[in-house]
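Visitor: structure, please.
(one chain, ligands or ions: 1)
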Amino acid sequence: MKKLQQIKIEKAKMEEKEKLQEQDLIRLMEDNDHYKRQISSLDAELESSKHAHEKDRLKLEAQLEQIRVESENKILELQCLLSESTKKVQELEAFSESKLVKLKRRELGYKHFIDSHFGSLQELRISSESIRQEVMRTKEIYVEELSHFGFNLKGLVDAAQNYHTVLEENRKLYNEVQDLKGNIRVYCRIRPFLPGQSQKLTTIEYIGENGELVVTNPSKLGKDGHRLFKFNKVFAPAVTQEEVFRDTQPLIRSVLDGYNVCIFAYGQTGSGKTYTMSGPSMSSVENWGVNYRALNDLFNISQSRKSSIAYEVGVQMVEIYNEQKYVCHIFPDVFFNLRTLGIWSTTQPNGLAVPDASMHPVKSTANVLELMNIGLMNRAVGATALNERSSRSHSILTVHVRGIDLETNDILRGCLHLVDLAGSERVDRSEATGDRLREAQHINKSLSALGDVIFALAQKSSHVPYRNSKLTQVLQSSLGGQAKTLMFVQLNPDVESFSETISTLKFAERVSGVELGAARNNKEGRGVKELMDQVANLKDTIAKKDEEIGRLRVPKTSGNGERRSVSSTRHSSASPRRQSLGGPRANQISGERSSKPTQKAASDVDNSSEYSDRQSDTGSQQSMDDFRHHRDFFRQSRLAVVDADLNLGEDTDSRATARRGQNPNEDVVLIGFDDAESEERLSDISDGVLSMGTETDGSINSIVEYTLFPETTKPPSETPEKPFIPAKLPRPTQKTVQTGSSRMSLKKSTPKVLSSKKPPSGNTSAVRSSKRWQ
Ligand SMILES: Nc1ncnc2c1ncn2[C@@H]1O[C@H](COP(=O)(O)OP(=O)(O)OP(=O)(O)O)[C@@H](O)[C@H]1O
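Guide: Presented below is the predicted three-dimensional model:
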């Protein structure tokens, strides 16, 4: 049992063990499955990695092949480069070899050069030593010469210190010479016939070298047909612009010395005023008129003086039209109404009479030419727009000069007025009305005012009527005082312009006579003049006798021949002025006239001019006495004529006074004469009268007042009462018949001249009464 028990225990153990073994087996079988599965997955993995590896291997082999090809190419390239480099190295070796050879050669050359220069240096050293010795010697000479120069320089310094004093003295002397020549000068210039006018008859018979001028009245034969005038200078038609300027030049210099100068051109339309003042064109220098030449001169002189005086130049270019407006041509927008412009009442402290807004600084002639071109262009435009106004307006170019003396800081101020006056023709003959009449009146007024100012200055009158017109106001600074005045009297030689020519010449003669009557020259001048008159008269008598003898000897020739002989005799006369100076012969004529009024009327142009001659001869004192004398008479006569004219039979004094009180301009229109003769007579006589009216109040009224009564201006002849007889009012009709032919020709001529601008029309009598002094 025990054994069985043991066996049983052993059997249980055996069974236990078997159970464990079974479990192990199961586990091992599971492990085996697991491992089998693992092995199969590892197989699959191995297979895939084998594929991948195979792929990589193929890829790497391809890359290897590519690299191999590339490296083979590279090797080839490198082999090429190597061969090239080898070639280059060989070349460089060859080049450096040759360079070396060259450098060696050059080194040899330098060696030679240095050797030779070394030799020269030795030579230079030797010569520098000799030069040093030379310099020492020269230095000694210099010192000697320097002391000599110092001595000379001292003299120069003294001279330089005196330079300013000498310059000042020179200026003074120069201007004294100018003063001696007279502060008012009159140059007469005769225009040549224009192309196509060569067939025309001329009124100019003789031009003397000393300013004598003989004009012929084509309608009067014999002696009465000739008139003699004397001016400072007469320029023949052929005289060039340069020659005309040569006689004007000295005045330009005065402007730079601080003087005021006024140069104006007077004459009828188309007589060459613009030609003389501006020239026909600016393009050619030889045609330049006074304006351009004057400015050119100003700049040239100012340049030559620039080391001692610094000059500044400014120009103004204005136009006065109808006494109301002026246009600044350089600045066409500047268009002022003079009536509202207070500045016109007096000259400004800076010497400007017009607002300095219109002033333009200029630095050279080219500058001026440019400005004047603009000005002329603007004027041309204005002229078209305003119906060719240029002939009926005064064009004024004013040059202001300011100089600073660099040594003393003194300031010099000079002013040059260059004036192209309005046409001076007798507008009254053209029967103008409306605007034209107004223009005529204004031109008359301003030209008369200009004459009044000149005469007032000549008479040294305490009152100079500058304010009577805008023209004289603008020119105020350059008229009177130290100012110098030059008038160009422009003549048209055409016979048709004879009447205008005579009027112009009479005006000019009176202006020129002004200077002759000046205090300083008068004393010496008159004695000489009287003697010259006597000589001239004697020569005249001899010539007459010769003529008579000639006539008795040879058969009587034609009228023309006779006339020629008269004129030729006259040419040979020593003093052509004899006739106009009014010696004993003139008195005789005057006497005849008063006793035979009908004969006198036959040539009233000459009558009044003879008076004018006498007037200039009698001197300023006499003139002033005459003036006072006549003025009283004018008043009486004027009143009488107003009365006669209106035929009212009332108290003339009160009527006239009342009328004057109403409107000063009314007289101008109302006092008229229908008779053409009286019209001409009035203008002629105005020559002799208006100049005396310098101390009037200057209105148009007063101008007309003194213009209308010609006879009263006749100087007293033997008996002082005679001039008071208004012998020319009224004039017998018979006289008109006697002078009919000459009058016709005169009357025809005037409208012709005017028609070149614009044919005027209208009421004669109205214009007539505004007769201006010519
Ligand atoms: N000395 C001269 N030589 C040649 N031609 C001249 C001379 N003077 C004037 N003329 C010519 O005569 C003509 C009229 O001259 P200009 O225009 O100067 O006269 P004006 O008096 O100024 O006239 P206006 O009063 O109309 O201005 C112009 O054709 C001008 O070229």
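Visitor: mind checking which helix or strand residue 316 is in?
Guide: Secondary structure from DSSP states H and E places residue 316 in strand 309-321.
Visitor: who does that strand touch, helix- and strand-wise?
Guide: Judged by 3 or more C-beta pairs under 8 Å, 6 or more residues apart in numbering; DSSP states H and E, strand 309-321 is in contact with helix 290-304, strand 325-328, strand 360-362, helix 365-385, strand 393-405, helix 470-475. Placement of C-beta: from N, CA and C, glycine included.
Visitor: those: which one's closest to residue 244?
Guide: Taking C-beta to C-beta, helix 290-304 is the member of those nearest to residue 244, at 7.1 Å.
Visitor: is any part of the host helix or strand of residue 507 close to the ligand?
Guide: Using DSSP H and E, residue 507 maps to helix 498-516. No: Helix 498-516 lies apart from the ligand when judged by C-beta under 6 Å from any ligand atom; the minimum separation is 10.7 Å.
Visitor: number the residues from 2 up from this point.
Guide: Sounds good: first residue 2 from here, last item helix 499-517.
Visitor: what average pLDDT does that helix get?
Guide: Across helix 499-517, the average pLDDT comes to 76.
Visitor: as CSV, could you dump the C-alpha coordinates of that helix?
Guide: This file holds the C-alpha atoms of helix 499-517, laid out as CSV (Å, rounded to 0.1, in the frame of the first residue of the first chain):
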residue,chain,number,x,y,z
PHE,A,499,5.9,177.6,-100.0
SER,A,500,3.4,179.0,-97.6
GLU,A,501,4.2,176.4,-94.9
THR,A,502,7.9,176.9,-95.6
ILE,A,503,7.7,180.6,-94.9
SER,A,504,5.6,180.1,-91.7
THR,A,505,8.1,177.5,-90.5
LEU,A,506,11.0,179.7,-91.3
LYS,A,507,9.5,182.7,-89.6
PHE,A,508,9.0,180.8,-86.4
ALA,A,509,12.5,179.5,-86.6
GLU,A,510,13.9,182.9,-87.4
ARG,A,511,12.3,184.3,-84.3
VAL,A,512,13.6,181.5,-82.2
SER,A,513,17.1,182.0,-83.7
GLY,A,514,16.8,185.7,-83.2
VAL,A,515,16.2,185.1,-79.5
GLU,A,516,19.8,184.2,-79.0
LEU,A,517,21.0,187.1,-81.1
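Visitor: now the element after the longest helix along the chain, going C-ward?
Guide: Scanning the chain for the longest helix, with DSSP state H as the assignment, gives helix 3-182. Counting by DSSP H and E, the next helix or strand C-terminal to helix 3-182 is strand 185-191.
Visitor: contacting residues around that next one?
Guide: Contacts to strand 185-191, defined as C-beta atoms under 8 Å, 6 or more residues apart in numbering, come from residues 205, 208, 212, 214, 230, 232-238, 240, 245, 248-249, 273, 277, 455, 458-459, 485-492, 494, 506, 509-510, 512-513, 515-516.
Visitor: in stretch 470-487, what's buried?
Guide: By neighbour count on 16 or more other C-beta atoms under 10 Å, the buried set for stretch 470-487 is 470-481, 484-487.
Visitor: could you identify the most distant pair in the residues you listed?
Guide: Largest pairwise distance in these, by C-beta to C-beta, is 22.0 Å, between 471 and 485.
Visitor: measure residue 31 to residue 37 for me?
Guide: 10 Å (C-beta to C-beta, to the nearest Å).
Visitor: nope, residue 320 is what I meant
Guide: 136 Å.
Visitor: so for those two, which sits in the more crowded spot?
Guide: More neighbours surround residue 320 than the other of residue 320 and residue 37, with 23 against 10 (other C-beta atoms under 10 Å).
Visitor: near the ligand, which residues of the stretch 452-601 of the chain are found?
Guide: Looking at the ligand, the residues of the stretch 452-601 of the chain close enough under C-beta under 6 Å from any ligand atom are residue 491.
Visitor: residue in the stretch 452-601 of the chain with the shortest distance to the ligand?
Guide: Proximity of the stretch 452-601 of the chain to the ligand (C-beta to the nearest ligand atom) peaks at residue 491, 5.6 Å away.
Visitor: quick one: strands adjacent to the strand or helix carrying that residue?
Guide: Secondary structure assignment for residue 491, by DSSP H and E: strand 485-492. Its sheet considered, strand 485-492 pairs with strand 185-191 (parallel), strand 261-268 (parallel) by DSSP bridges.
Visitor: quick one, phi/psi of residue 232?
Guide: phi -130, psi 180 (degrees, to the nearest 10).
Visitor: quick check: residues of the stretch 202-351 of the chain near the ligand?
Guide: Proximity of the stretch 202-351 of the chain to the ligand is confined to 268, 270-276, 281 under the rule C-beta under 6 Å from any ligand atom.
Visitor: so residue 229: helix, strand or coil?
Guide: Here residue 229 is recorded as strand under DSSP: H, G, I helix; E, B strand; the rest coil.
Visitor: from residue 492, how far out is it?
Guide: Noted for residue 229: a distance of 14 Å to residue 492, by C-beta to C-beta.
Visitor: again with residue 216
Guide: 8 Å.
Visitor: neighbour count: those two, which is higher?
Guide: residue 492 (27 against 22).
Visitor: in the sheet, who's paired with the more buried one?
Guide: residue 191.
Visitor: these two touch, right, it and residue 506?
Guide: Yes: here residue 492 lies in contact with residue 506, judged by C-beta atoms under 8 Å, at a distance of 7.3 Å.
Visitor: so what's the residue in the chain positioned nearest to the ligand closest to, chain neighbours aside?
Guide: The nearest approach of the chain to the ligand comes at residue 273, 2.8 Å away (C-beta to the nearest ligand atom). Distances taken as C-beta to C-beta, 6 or more residues apart in numbering place residue 192 nearest to residue 273, at 3.9 Å, with adjacent residues excluded.
Visitor: pLDDT score for the one you found?
Guide: So residue 192 comes in at 91 (pLDDT).
Visitor: what sits against it?
Guide: 238, 271-273, 276, 491-494.
Visitor: what's around residue 319, how many residues?
Guide: 26.
Visitor: err, residue 449, not the other one
Guide: Count around residue 449 with other C-beta under 10 Å applied: 30.
Visitor: what of residue 52?
Guide: Other residues within reach of residue 52, judged by other C-beta under 10 Å, total 10.
Visitor: do the same with residue 318
Guide: 27.
Visitor: what does residue 115 give?
Guide: Neighbours around residue 115, by other C-beta under 10 Å: 11.
Visitor: shouldn't residue 291 be in contact with residue 274?
Guide: No: using C-beta under 8 Å, residue 291 is not in contact with residue 274; the gap is 10.6 Å.
Visitor: what sits in contact with each of those two?
Guide: residue 489.
Visitor: give me every residue that touches residue 479.
Guide: 261-263, 416-418, 486 are the contacts of residue 479 under C-beta under 8 Å, 6+ apart.
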